[in-house]
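Trainee: compute the structure for the input listed below.
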Amino acid sequence: LSIPIKFSEKQQASHYLYVRAHSVRQGTKSTWPQKRTLFVLNVPPYCTEESLSRLLSSCGPLQSVELQEKPDLADSPKESRSKFFHPKPVPGFRVGYVVFQKPSGVSAALALKGPLLVSTESHPVKTGIHKWISDYADSVPDPEALRVEVDTFMEAYDQKIAEEEAKAKEEEGVPDEEGWVKVTRRGRRPVLPRTEAASLRVLERERRKRTRKELLNFYAWQHRESKMEHLAQLRKKFEEDKQRIELLRAQRKFRPY
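Mentor: Predicted coordinates for the structure are as follows:
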């Protein structure tokens with residue numbers, strides 16, 4: 001279904017929104033309620049979430065309105081967004097998800113005729129330099145409100161970490177279904193402090209271990225040189241052995257004169 005909209009009364013041509021009831025395949029999970037969500041395509045850049053909610057407010061009470069660059073995947077999890085740290089707005093046309101409080105809102109939206117006006121005298125939509133100034137003012141967060149949101153997030157995070165630690169402490173030492181017992185750092189004995197001589201011995205042992213593990217002949221030219229040097233040593237040793245054998249043979253030769 002298409003719904004014609006205009007930016008203002010001065011505009012002659014109409015822009016069309018393509019809407020339908022949001023639905024997914026059977027057995028597929030969706031983050032949007034099936035019977036109360038209206039899927040909107042071809043949303044123009046000048047139509048904001050507030051403008052879209054005002055255009056559809058006559059169909060019934062709204063729960064939420066969200067504009068995105070592209071449709072959501074059915075099984076993609078929804079992440080909570082902060083009003084201070086929101087992504088950069090997508091330039092161009094977008095898609096929208098309008099959630100009504102009752103399923104009758106979707107039916108009423110599908111029956112709209114239009115044309116609907118995005119910018120009116122009572123609710124003007126800013127454009128040009130006025131829109132730029134408004135966007136710049138909105139980009140500067142309120143320090144007090146930002147502090148409250150950060151503190152709330154950190155309190156929830158600390159509570160989550162404390163619950164996880166308490167749960168891990170309860171599960172420690174309790175065998176699971178297969179009889180395995182979970183061991184954590186809390187169950188280890190405290191490490192006694194080492195003397196200076198013992199610490200030096202440990203450091204020396206670690207240094208020797210690292211030295212043995214070092215890569216020898218890492219580069220190709222080092223490998224070639226070491227190979228050539230090894231061959232030269234073998235040739236030298238071979239010549240020395242030949243001379244030693246000749247000397248032994250000469251010493252054993254019988255000389256009657």
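Trainee: helix, strand, or coil at the residue nearest to residue 127 when sequence neighbours are not counted?
Mentor: In space, and not counting its chain neighbours, residue 127 is closest to residue 46: 6.9 Å by Cβ to Cβ, 6 or more residues apart in numbering. Backbone N, C-alpha and C define where each C-beta goes, glycine included. Following DSSP: H, G, I helix; E, B strand; the rest coil, we place residue 46 in the coil state.
Trainee: distance of residue 46 relative to residue 143?
Mentor: When distances are taken as Cβ to Cβ, to the nearest Å, residue 46 and residue 143 turn out to be 31 Å apart.
Trainee: tell me which of these two has more neighbours.
Mentor: For residue 46 and residue 143, the more surrounded residue by other Cβ atoms under 10 Å is residue 46, and the numbers stand at 15 against 8.
Trainee: the more buried one against residue 118, yeah?
Mentor: Yes: checked against Cβ atoms under 8 Å, the pair residue 46 and residue 118 is within contact range at 6.5 Å.
Trainee: against residue 143, how distant is residue 96?
Mentor: 32 Å.
Trainee: swap that for residue 16, sorry
Mentor: Summarising the geometry, the distance separating residue 16 from residue 143, computed by Cβ to Cβ, is 43 Å.
Trainee: the chain: strands as residue ranges?
Mentor: Along the chain, the segments classed as strands by DSSP state E run 2-6, 15-21, 37-43, 62-68, 94-100, 116-117.
Trainee: the fifth one: partners in the sheet, and parallel or antiparallel?
Mentor: Using DSSP bridges, the strands paired with strand 94-100 in its sheet are strand 37-43 (antiparallel), strand 62-68 (antiparallel).
Trainee: can I get the ones you listed in JSON lines with distance to residue 165 and mean neighbour count?
Mentor: Listed next are the strands paired with strand 94-100 as JSON lines, based on distance: least, Cβ to Cβ, whole Å; neighbours: other Cβ atoms under 10 Å:
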{"stretch": "strand 37-43", "distance to residue 165": "39", "mean neighbour count": "20"}
{"stretch": "strand 62-68", "distance to residue 165": "35", "mean neighbour count": "16"}
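Trainee: quick one: residue 19 and residue 231, what's the gap?
Mentor: When distance is defined by Cβ to Cβ, residue 19 is 81 Å away from residue 231.
Trainee: those two: which is more packed in?
Mentor: Of the pair residue 19 and residue 231, residue 19 is the one with more neighbours under other Cβ under 10 Å, namely 21 against 10.
Trainee: that one reaches residue 107, doesn't it?
Mentor: No: judged on Cβ under 8 Å, residue 19 makes no contact with residue 107 at a distance of 11.5 Å.
Trainee: shared neighbours of these two, anything?
Mentor: Common contacts of residue 19 and residue 107, defined by Cβ atoms under 8 Å, 6 or more residues apart in numbering, are absent altogether.
Trainee: what's near enough to touch residue 120?
Mentor: For residue 120, the set of contacting residues under the criterion of Cβ under 8 Å, 6+ apart consists of residue 8.
Trainee: could you redo the last one with a cut-off of 10 Å?
Mentor: The contact partners of residue 120, by Cβ atoms under 10 Å, 6 or more residues apart in numbering, come to 8-9, 51, 54.
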